[in-house]
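>>> Quick one: sequence plus predicted model below, questions after.
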Amino acid sequence: MNTKTLEQTYELSVYPRRDIVLVSGKGARLYDENGREYIDCASNVGVSNIGHGHETVARAIYEQYLALGNCYSMFYNPIRARLAQRLVKLAPGDLNRVFFCNSGAEAIEGALKFARSTTGRQVIIAAMRGFHGKTMGALAATWGPEYQKPFAPMMPGLKHVPFNNFAKLEAALSQETAAVLLEIVQGEGGVRVGDQAYFTQVRELCNSKGVMLIIDEVQTGFGRTGTMFACEQFAIPDILCLAKSLAGGIPMGAVLCSEAIKVPVKSHTSTFGGNPTACAAALASLEVIEKEGLIENAEKLGNYFREQLRGIESKKIREVRGLGLMIGIELKEKAGPYVQTLMERGVIALMAGATVIRLLPPLVISKQEIDTVISALAEIL
Ligand SMILES: Cc1ncc(COP(=O)(O)O)c(C=O)c1O
C-alpha cells in the first residue's frame, strides 16, 4: 500500500487532507515524494518559523537526547532551567514564571485553570471567531458550533463577545469574571488584527476589575508578527500562552505568568512538560531567531508582501490584511479552489475561514521566494 492508502486505512480521518505526500524540507521549501518543490507559505500552521531542517536545532536535539532525553519535572534539570530564564528575559512586563507543556491547547488549559485558581472566579470571556484549540477546556473557549456541537456539553463558564468591540466586552464583564481570553491577531478566525485602542481599553478594564488578561500567542509568537510576541505592540497580559514554533518544530507549549498566579502544588502538571529534548530545541530555535535576524525579517518582508499583494489588480480581492509575516487575503468568493490551484503551482498556503487565503511562511523566506508567490497569486486571482 502507498503512503496515502496506509494513512487512510489506519488513521482516524479527522484532518481535511491535501493530496500530496511531503517527505522533506529545507528553509522555506518543501518537497513531495516525487521530488516536486513547493514554497511553504503555511509553516505547518505557524510551527516552522525558523524554516525546515535547521542544523542548529537538529544538533541540539541529538546532543541533548544522548545526554538526557527526558527528565520529569519532579527533578531539576539545567537545560529546563536555562530555557525558563531565557523565556522570562524575553517576555514583556512582569511575566516572570513559566509552566511548560506540550501544545497550544494544553497551554490554554493551563491558563484557564490558573485564572480560576488565582481569582476564585469562574467566568472566562472569549471572542467570537477566536480559536484556542480542541481539548475540552480550550474547545469551550474556541468559537464555532461546528467544532463544539459533536462534543456537547461544553465546560460551563465561557462567554463569547464580538472581537474588537470594547463596549460589548465591558457589558459582559461581571463580579464573576476570572479572565478575558483573546488573540492579538485572530488566526483561524480570518487573520483579523485587533485595534491598538481596543487592547489598551481591555487592559485598563481588566486592571480596574481584578480580571486576568490572557493572551493566546500560540500562532503569533516568536517573531511571526515583527516582534518576539505580538502583545508587545498592543497590551501586556497577565498570562501569555505559547506553543507552535517555540521549540523549532518539536512539540512544546508554555504558559508565562506573573508571580501573582496561585496554583497549588500537584494541581497542574504534565509528564512531558519541560522535557530536556524539547527545551534544548527551544533554546537552539531562539538562538536562530536572534542570530538570523528573523524578527526584523518578519516585519520588513511582511510589509513588502502586503504592499505587493495590495498592488494586484483583481476584482476577486476584498482586502489584504495582517501583521508581519501573518497575512490574510480576503476574497469575495470561496478561497478553497485558489489554495488548491496555488498548490498545483508550487505554493502551499492555508485558509482561515471560507473566504480567506492565509499566508504564514517561515520567517526565513527570501524576497525572491515572496516574488514567486506574488506572481502565482497575481496570475490565479
Ligand atoms: C491561536 C491558537 N491557539 C491555540 C491553538 C491550539 O494549538 P494546538 O493545535 O497545538 O493544540 C492554535 C492552533 O492552531 C491556535 O492557532
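Looks like it arrived, so ask away. All figures in this text were calculated on a predicted structure; none of them were measured in a lab.

>>> can you pull the contacts of the closest residue to residue 302 other than its chain neighbours?
Spatial nearest neighbour of residue 302, excluding adjacent residues (Cβ to Cβ, 6 or more residues apart in numbering): residue 324 at 4.1 Å. C-beta coordinates here come from the backbone N, C-alpha and C atoms, glycine included. Contacts for residue 324 were tallied using Cβ atoms under 8 Å, 6 or more residues apart in numbering; they are 223-227, 298-299, 302.

>>> Could you report the pLDDT at residue 304?
pLDDT, residue 304: 98.

>>> Check the contacts of residue 324 and tell me the two furthest apart.
By the measure Cβ to Cβ, 227 and 302 form the most distant pair in the contacts of residue 324, at 11.2 Å.

>>> Please identify which of these two sits among more neighbours.
It is residue 302, of residue 227 and residue 302, that has more neighbours when counted by other Cβ atoms under 10 Å, with 23 against 19.

>>> ok, so of the contacts of residue 324, who is nearest the ligand?
residue 224 (10.8 Å; Cβ to the nearest ligand atom).

>>> residue contacts, that closest one?
Going by Cβ under 8 Å, 6+ apart, residue 224 touches 46, 49, 230, 245, 298, 324-326, 360, 363.

>>> Buried residues in stretch 173-180, which are they?
Buried positions in stretch 173-180, judged by neighbour count with 16 or more other Cβ atoms under 10 Å: 173, 177-180.

>>> To clarify, my last question referred to stretch 308-315.
308-309, 312.

>>> Make a markdown table out of these and add pLDDT, secondary structure and distance to residue 204.
A markdown table is the format used below for the buried residues of stretch 308-315 (pLDDT from 0 to 100; DSSP: H, G, I helix; E, B strand; the rest coil; distance: Cβ to Cβ, whole Å):
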| residue | pLDDT | secondary structure | distance to residue 204 |
| --- | --- | --- | --- |
| 308 | 98 | helix | 37 |
| 309 | 98 | helix | 35 |
| 312 | 98 | coil | 39 |
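
>>> From those, pick the one nearest residue 253.
Of the buried residues of stretch 308-315, the one sitting nearest to residue 253 (Cβ to Cβ) turns out to be residue 309, at 31.4 Å.

>>> right, and the closest one touches residue 375 too?
No. Using Cβ atoms under 8 Å, residue 309 makes no contact with residue 375, being 11.6 Å away.

>>> In JSON lines: the contacts of residue 324, plus secondary structure and distance to the ligand.
Below are the contacts of residue 324 laid out as JSON lines (DSSP: H, G, I helix; E, B strand; the rest coil; distance: Cβ to the nearest ligand atom, whole Å):
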{"residue": "223", "secondary structure": "coil", "distance to the ligand": "16"}
{"residue": "224", "secondary structure": "coil", "distance to the ligand": "11"}
{"residue": "225", "secondary structure": "coil", "distance to the ligand": "12"}
{"residue": "226", "secondary structure": "coil", "distance to the ligand": "17"}
{"residue": "227", "secondary structure": "coil", "distance to the ligand": "16"}
{"residue": "298", "secondary structure": "helix", "distance to the ligand": "17"}
{"residue": "299", "secondary structure": "helix", "distance to the ligand": "20"}
{"residue": "302", "secondary structure": "helix", "distance to the ligand": "18"}
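
>>> what ranges do the strands span in the stretch 201-350 of the chain?
212-216, 239-242, 253-257, 317-323, 326-331, 347-348, 350-351 (DSSP state E, counting those that start in this stretch).

>>> Give me the packing partners of the fifth one, helices and strands only.
Just to be clear, that refers to strand 326-331. Strand 326-331 sits against helix 294-310, strand 317-323, strand 356-359, with contacts defined as 3 or more Cβ pairs under 8 Å, 6 or more residues apart in numbering; DSSP states H and E.

>>> Return the most buried member of these.
strand 356-359 (a mean of 26; mean count of other Cβ atoms under 10 Å).

>>> could you dump it to CSV, C-alpha only?
Taking C-alpha atoms only, strand 356-359 is exported to CSV below (Å, rounded to 0.1, in the frame of the first residue of the first chain):
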residue,chain,number,x,y,z
VAL,A,356,-9.6,34.0,3.4
ILE,A,357,-6.3,32.7,2.0
ARG,A,358,-3.8,32.7,4.9
LEU,A,359,-0.1,33.0,4.4
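
>>> Parallel or antiparallel, which strands does that strand pair with?
Using DSSP bridges, strand 356-359 pairs in its sheet with strand 326-331 (antiparallel), strand 350-351 (antiparallel).

>>> That one vs the ligand: in contact?
No. Shown here: strand 356-359 not in contact with the ligand (Cβ under 6 Å from any ligand atom), separated by at least 10.6 Å.

>>> next one: stretch 48-61
No. Contact between stretch 48-61 and the ligand is absent, the nearest approach being 13.4 Å (criterion: Cβ under 6 Å from any ligand atom).
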